[in-house]
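Novice: generate a structure from the sequence data that follows.
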Amino acid sequence: MQIQVYILYILLTAGLTYGLSVNGERIGHALRLMDMPNARKLHQRATPLLGGLALLIVFLPISLALASQVNGGVFSRPGIIWTLSVAGMALVGILDDRHSISPRTRLFASASIFALAAYADPAFNVRVLDFEYPNLMIGLGPKTVAILFTVLCCVGLVNAVNMADGKNALVIGLCLGWLFLITPRAPITLIPYIGLLVATLAVLLAFNKDGKLFLGDGGAYGLATALALLTIAIYNRPGEHSTRAISADEIMILFAVPVLDAFRLSWKRMRRGQSPMAADRDHLHHHLQDRFGWPRGLFVYWFVALAPATVYLNFL
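Specialist: This next block holds a predicted model:
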């Protein structure tokens, strides 16, 4: 693909995302995608939930168009599957933002999307656990078991990221940090898609940091799906100096903070007889806000989440 064409894709993605964000309130009201303040949500005014919409109406068509350009006119099967999975999860989140669908329905839809991706292309299916430290490899047996394990990991990450999305800029910053860390390990065919995602996130961050728009479940679900499947695709390719471009233990360190916080919250809620998805102010970002204020608590969260992964992936 010519670099001029790719730059055009990047500019088009950023420009359309900017146009969507500038008109966020009008679009949010028209589509009934507004987050209203209440006793738990302390923002001062109704705020549009546009993260999922940006992925669905901007990122989706441009990424699908890119899928034919990367391979010189032949559609990239992994690119198509990845893009449709991101859009599908964004749609699930948008429906939840608008209609508050049940946790069981969300879980079924999420599991179905990841199962279809893992079944359709082995690039998105974790068939073996390959650890660098310790040097250990564990096979996951039949394809069905591998798909179930893949679904479990991906759905877990989606819910962990959604739980972390409680403060402006937090999740977008996390996603940009994760992309920065995994991109050097990615094959050249994935780089253009990562660039489109970064362009989308950069514009959303400019508006989200000031509270002019929120990601909503649509944005959190879609972004977590993008990161989950990208990481699996990178995991399934050989590395320059090892059997894999990224090891299982590196992935665990990469996503450790939001995942462990989600486990902690779910365990505490279940012990109190509540649903694991119940709302409260016991998240890590709430404790950091109480301890350091905001935005200092935001920078502490980013540091705690990304610094260990940076050291582990680059220096150990």
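
Novice: now the residue nearest the centre of the chain: closest residue in space that isn't a chain neighbour?
Specialist: Taking Cα atoms, centre = their mean, the centroid of the chain lies closest to residue 224, which sits 1.8 Å from it. In this structure, residue 224 finds its nearest non-sequential neighbour in residue 161, 3.8 Å apart by Cβ to Cβ, 6 or more residues apart in numbering. Where you see a C-beta, it was placed from the backbone N, CA and C, and this is true even at glycine.

Novice: list the residues that contact the one you found.
Specialist: 171, 174, 220, 223-224, 227, 258 (Cβ atoms under 8 Å, 6 or more residues apart in numbering).

Novice: how far is the host helix or strand of residue 218 from where the chain is centred?
Specialist: Using DSSP states H and E, residue 218 maps to helix 216-235. On the basis of Cα atoms, centre = their mean, to the nearest Å, helix 216-235 sits 3 Å off its chain's mean C-alpha point.

Novice: which is the next helix or strand following that helix?
Specialist: helix 248-254.

Novice: which elements pack onto the helix or strand following that following helix?
Specialist: Of the helices and strands lying after helix 248-254 in sequence (DSSP H and E), the nearest is helix 256-271. In terms of contacts (3 or more Cβ pairs under 8 Å, 6 or more residues apart in numbering; DSSP states H and E), helix 256-271 is packed against helix 143-164, helix 296-315.

Novice: CA atoms only: put the strand or helix carrying residue 194 into CSV for me.
Specialist: Here residue 194 sits within helix 191-208, counting by DSSP H and E. Output of helix 191-208 as CSV, limited to C-alpha atoms (Å, rounded to 0.1, in the frame of the first residue of the first chain):
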residue,chain,number,x,y,z
ILE,A,191,0.7,-1.9,11.8
PRO,A,192,-1.8,0.0,9.5
TYR,A,193,-4.8,-1.1,11.6
ILE,A,194,-3.0,-0.1,14.8
GLY,A,195,-2.4,3.3,13.2
LEU,A,196,-6.1,3.8,12.5
LEU,A,197,-6.9,2.9,16.1
VAL,A,198,-4.4,5.3,17.5
ALA,A,199,-5.8,8.1,15.3
THR,A,200,-9.3,7.4,16.6
LEU,A,201,-8.1,7.3,20.2
ALA,A,202,-6.0,10.5,20.0
VAL,A,203,-9.0,12.5,18.9
LEU,A,204,-11.3,10.9,21.5
LEU,A,205,-8.7,11.5,24.2
ALA,A,206,-8.7,15.3,23.4
PHE,A,207,-12.4,15.5,24.1
ASN,A,208,-12.7,12.8,26.9
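
Novice: in it, which residues are buried?
Specialist: For helix 191-208, the buried set under the neighbour-count rule, 16 or more other Cβ atoms under 10 Å, comprises 192-201, 203-208.

Novice: quick one, that helix and helix 216-235 angle?
Specialist: With axes from the mean of the first three to the mean of the last three Cα atoms, to 10 degrees as the basis, helix 191-208 and helix 216-235 are set at 150 degrees to each other.

Novice: touching helix 191-208 from outside, list them.
Specialist: Against helix 191-208 from outside (Cβ under 8 Å, 6+ apart): 1, 6, 9-10, 13-14, 17-18, 21, 24, 50-51, 54-55, 58-59, 62-63, 66, 69-70, 79, 82-83, 168-169, 172-173, 175-176, 179, 183, 186, 213-215, 219, 223, 226, 230.

Novice: also stretch 301-310?
Specialist: By Cβ under 8 Å, 6+ apart, the surrounding residues in contact with stretch 301-310 are 170, 173-174, 177-178, 181, 250, 253-254, 256-258, 284-285, 288.

Novice: how about 10 Å then?
Specialist: Stretch 301-310 is contacted by residues 164, 167, 169-170, 173-174, 176-178, 180-182, 250-258, 261, 283-285, 287-289, 292, 294-295, 316 when judged by Cβ atoms under 10 Å, 6 or more residues apart in numbering.

Novice: against residue 136, how distant is the residue nearest to the centre of the chain?
Specialist: Remark: distance between residue 224 and residue 136 (Cβ to Cβ, to the nearest Å) = 27 Å.

Novice: I'd like to know how many residues surround residue 176.
Specialist: Residues near residue 176, counting by other Cβ atoms under 10 Å, number 19.

Novice: show me what whichever helix or strand it is part of is packed against.
Specialist: For residue 176, the host element (DSSP H and E) is helix 170-182. Packed against helix 170-182 by the contact rule (3 or more Cβ pairs under 10 Å, 6 or more residues apart in numbering; DSSP states H and E) you find helix 143-164, helix 191-208, helix 216-235, helix 248-254, helix 256-271, helix 284-292, helix 296-315.
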